[in-house]
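>>> using only what follows, build the 3D model:
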Amino acid sequence: MAKKQTPDCCQSFKTMIGGQALIEGIMMRGPEKDAVVIRGSNGLSVEVKARKVPPASSWKQLPFIRGVFNFFDAQVVGVKALLRSADLAPEEMQEAPSKLDIWLEKKLGNETFQKAVVGIAVAAGLALSVGLFFLLPMVIAGFFDRWITGSLMLNLVEGIIRMAIFFGYMFLVSRMKEMKRVFSYHGAEHKTIRCYEAGLPLTVENVRKQTRLHPRCGTSFLLVVMVISILVFSIASAALLRIAPGLEQLRGTFGYRVIMIVFKLLLLPIIVGITYEINRWAGRHDNGFTRILTAPGMWMQNFTTNEPDDSMIEVGIAAVEAVLPEEKGADRW
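Numbering: from 1, shown residues only. Coordinates of the predicted model:
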């Protein structure tokens, strides 16, 4: 088997490798493999699985469509990794299974039970995100449509409300004691990828010097989703009212609000697809324009990442090394 390759020293590049912070660990995704690395009671636990990547000719790799597919795939893989980290974490951090969990596992079997848990967790997470960051702002902004007749201004008000909820949520989560260590592992993930992209040897000393902010972070992705939604909702709403002018007569009514909410929810896959392409492009380039484009998301990462200690950095290094491709440069964007 060929030896794993790393970039030549001091030759920076952009990698497609990315990850997610877990309970006392990190999940990392490479072009060929996914890895879950947890620091448990007996040291580091490293689990690696081959990654199923659709062929280049697949419809799942088409621009904009691939963003939606990758988003849902990342949710499923992330939840599985999070549940696995809960099993591998130190005993004092583990919770005893509830009577309902024990009963369901006995009735469904372990494999079916695990699939059910993942499905429910993914659905609940998406429902919470859509409800909190999209449905709630739509409902609140809907009360202004009696006085604001322009779709652009109404969607701008909705966007401001959405941003306020998002910023408030991130701030409150960042203040939670139990999330501080998770965000430190998030910082370790970013710093390790930064070190790897800089072409430096993956050592604790080199990783420690890197910034904990990265333009391809999920936090940046969500923030861009918020911004893109204002533009897409404004254009699509204006087009809908032009196609169906009769809706104007319903403005301010409960029925009008329901129609507009359902219409905007159906646009979410389009917004995700557009945002993915923007983040993908920004992640592959480093110039003045991309730095301005990613600056708000990078700033938000001050809430969702903390400086890691050396033991967390060791986890990040082990996670990146576990998913490095056999062929040099295969992970290059």
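
>>> wait, is Glu47 part of a strand?
Yes: counting by DSSP: H, G, I helix; E, B strand; the rest coil, Glu47 is found in a strand.

>>> and it, how many neighbours does it have?
16 (other CB atoms under 10 Å). The way it works is simple: take the backbone N, C-alpha and C, and place the C-beta from them, glycine included.

>>> so what's it closest to, chain neighbours aside?
Val36 (4.7 Å; CB to CB, 6 or more residues apart in numbering).

>>> part of a strand, is the one you found?
Yes: counting by three-state DSSP, Val36 is found in a strand.

>>> in the sheet, who's paired with it?
Met27, Glu47 (DSSP bridges).

>>> now the one 4 residues further on
Gly40 has the following beta-bridge partners by DSSP bridges: Gly43.

>>> do you know the pLDDT at it?
Here the pLDDT value assigned to Gly40 is 85.

>>> pull the number of nearby residues for it.
When neighbours are counted by other CB under 10 Å, Gly40 comes out with 17.

>>> thought it was touching Asp87?
No: with contacts counted by CB atoms under 8 Å, Gly40 stays clear of Asp87, the gap being 9.4 Å.

>>> spatially central residue for the chain, please.
Centroid-nearest residue in the chain, with CA atoms, centre = their mean: Gly218, separated by 3.4 Å.

>>> not counting its neighbours along the chain, what's nearest that residue?
Spatially, and ignoring its direct neighbours in sequence, Gly218 is nearest to Gln20 (7.4 Å; CB to CB, 6+ apart).

>>> any idea which element that neighbour lies in?
strand 18-22 (DSSP states H and E).

>>> contacts for that strand next, please.
26-29, 36, 38, 78, 81-82, 84-85, 182-183, 185-186, 188-189, 193, 216, 218, 319 (CB atoms under 8 Å, 6 or more residues apart in numbering).

>>> sorry, back to before: tell me the pLDDT at the residue nearest to Gly218?
Taking Gln20 on its own, its pLDDT is 95.

>>> again with Gly283
80.

>>> neighbours of it, just the number please.
Considering only other CB under 10 Å, Gly283 is surrounded by 20 other residues.

>>> got the phi/psi numbers for it?
Backbone geometry at Gly283, expressed as degrees, to the nearest 10, gives phi -70, psi -20.

>>> leaving out the residues flanking it, which one is nearest to it?
Gly283 sits nearest to Arg216 (CB to CB, 6+ apart), 4.2 Å away.

>>> ok, the one you found - contacts?
18, 279, 282-283.

>>> tell me the secondary structure for it?
On the basis of three-state DSSP, Arg216 is classed as coil.

>>> against Leu268, how distant is it?
Per CB to CB, to the nearest Å, Arg216 is found 21 Å from Leu268.

>>> how far is stretch 315-330 from where the chain is centred?
20 Å (CA atoms, centre = their mean, to the nearest Å).

>>> same deal with stretch 176-190?
Worked out by CA atoms, centre = their mean, stretch 176-190 lies 15 Å from the chain centre.

>>> same check on stretch 283-303?
15 Å.

>>> looking at the contacts of Arg216, which has the most residues close by?
Neighbour-wise, the contacts of Arg216 (other CB under 10 Å) top out at Asn279, 22 neighbours.

>>> quick check, it in contact with Leu222.
No: Asn279 is beyond contact range of Leu222, at 10.3 Å (criterion: CB under 8 Å).

>>> what's the first helix or strand after the lowest-mean-pLDDT helix or strand in the chain?
The weakest-scoring helix or strand in the chain, judged by mean pLDDT, DSSP states H and E, is helix 99-108 (a mean of 57). Using DSSP H and E, the next helix or strand after helix 99-108 towards the C-terminus is helix 110-130.

>>> if we can go back for a sec, and which of the contacts of Arg216 is nearest Thr304?
Gly18 (14.4 Å; CB to CB).

>>> identify the bridge partners of the closest one.
Going by DSSP bridges, Gly18 forms beta bridges with Arg29.

>>> quick one: the helices in the protein?
65-88, 99-108, 110-130, 136-142, 151-174, 177-197, 204-208, 218-243, 254-266, 268-284, 288-304, 310-323 (DSSP state H).

>>> with distance to Ser45 as new columns, can these be given to me in TSV?
What follows is the helices of the chain, written out as TSV (distance: least, CB to CB, whole Å):
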stretch	distance to Ser45
helix 65-88	5
helix 99-108	22
helix 110-130	18
helix 136-142	39
helix 151-174	26
helix 177-197	14
helix 204-208	19
helix 218-243	24
helix 254-266	40
helix 268-284	29
helix 288-304	25
helix 310-323	10
